[in-house]
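**Student:** below is the sequence, then the predicted model.
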Amino acid sequence: MSNTSYTARAYLLLGCPFCFKFLLFMTEAGLLDQIEIVALDRNAGDYDSVKAGLEQRAGRSLSFPTVETEPGVFVSDTEALISHFRTANQLGDRPLPVLDFYQRGLFENVVRLHKENRALKEQLDG
C-alpha cells in the first residue's frame with residue numbers, strides 16, 4: 001500500500017544561492033506545506049557524515065538543493081525541482097515576481113562571481 005501522506009524532504013545548504021532560489025519558489029508559490037526543510041551547514045561537525053548518508057541512500061553523489069520527492073527518489077537540479085513542483089501543482093507558467101527579481105538580479109550576479117572565482121582559482125593552480 002502506498003503512503004499518500006508522504007511529505008517531501010528538502011535538503012538545503014545554508015548560504016547556497018540555488019537552495020535559496022528553490023526555497024523562494026516554494027514560498028512564493030505557496031507550497032511550503034508540501035516539504036520538510038532539512039537545513040545543512042557545511043561548518044557543522046556532522047555535515048560530512050550527514051551528506052555521505054544522504055548520498056548512500058540516493059545511490060549517487062548529490063548537490064544542493066536535493067529533495068526526496070518520494071521515498072527513495074532524489075532530485076538535485078534546481079530547475080528540475082521547480083518544474084516538478086510547478087507540474088505537480090498545475091502552476092503552469094504562473095508568474096512569480098519575487099523569484100524573477102531574485103533570478104534576474106542577485107542570483108545572476110552570484111553565479112557570475114562564482115564562475116569568475118573558479119576561473120581565477122584554475123589560473124592559480126595551473
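**Tutor:** Done, it's in. Residues are numbered from 1 along each chain as shown.
**Student:** who does the helix or strand hosting Leu54 touch, helix- and strand-wise?
**Tutor:** In the assignment (DSSP states H and E), Leu54 maps to helix 47-58. Counting contacts by 3 or more Cβ pairs under 8 Å, 6 or more residues apart in numbering; DSSP states H and E, helix 47-58 packs against strand 35-40, strand 73-75. Just so you know, the C-beta spots here come from the backbone N, C-alpha and C atoms, and that holds for glycine as well.
**Student:** C-alpha coordinates for that helix, CSV please?
**Tutor:** The C-alpha trace of helix 47-58 is given here as CSV (Å, rounded to 0.1, in the frame of the first residue of the first chain):
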residue,chain,number,x,y,z
TYR,A,47,27.9,17.8,7.8
ASP,A,48,30.2,15.2,6.1
SER,A,49,28.5,12.2,7.7
VAL,A,50,25.0,13.5,7.0
LYS,A,51,25.9,14.2,3.4
ALA,A,52,27.6,10.8,3.0
GLY,A,53,24.5,9.1,4.5
LEU,A,54,22.2,11.0,2.1
GLU,A,55,24.4,10.1,-0.9
GLN,A,56,24.4,6.4,0.2
ARG,A,57,20.5,6.5,0.3
ALA,A,58,20.4,8.2,-3.1
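**Student:** show me how far that helix is from its chain's centre.
**Tutor:** 16 Å (Cα atoms, centre = their mean, to the nearest Å).
**Student:** what residue ranges in the chain score low on pLDDT?
**Tutor:** 1-4 (pLDDT under 70).
**Student:** determine the longest helix present in it.
**Tutor:** Ranked by number of residues, the top helix in the chain under DSSP state H is helix 108-125.
**Student:** chain neighbours aside, what residue packs nearest to Val98?
**Tutor:** Computed as Cβ to Cβ, 6 or more residues apart in numbering, the closest residue to Val98 that is not its neighbour in sequence is Glu28, at 5.1 Å.
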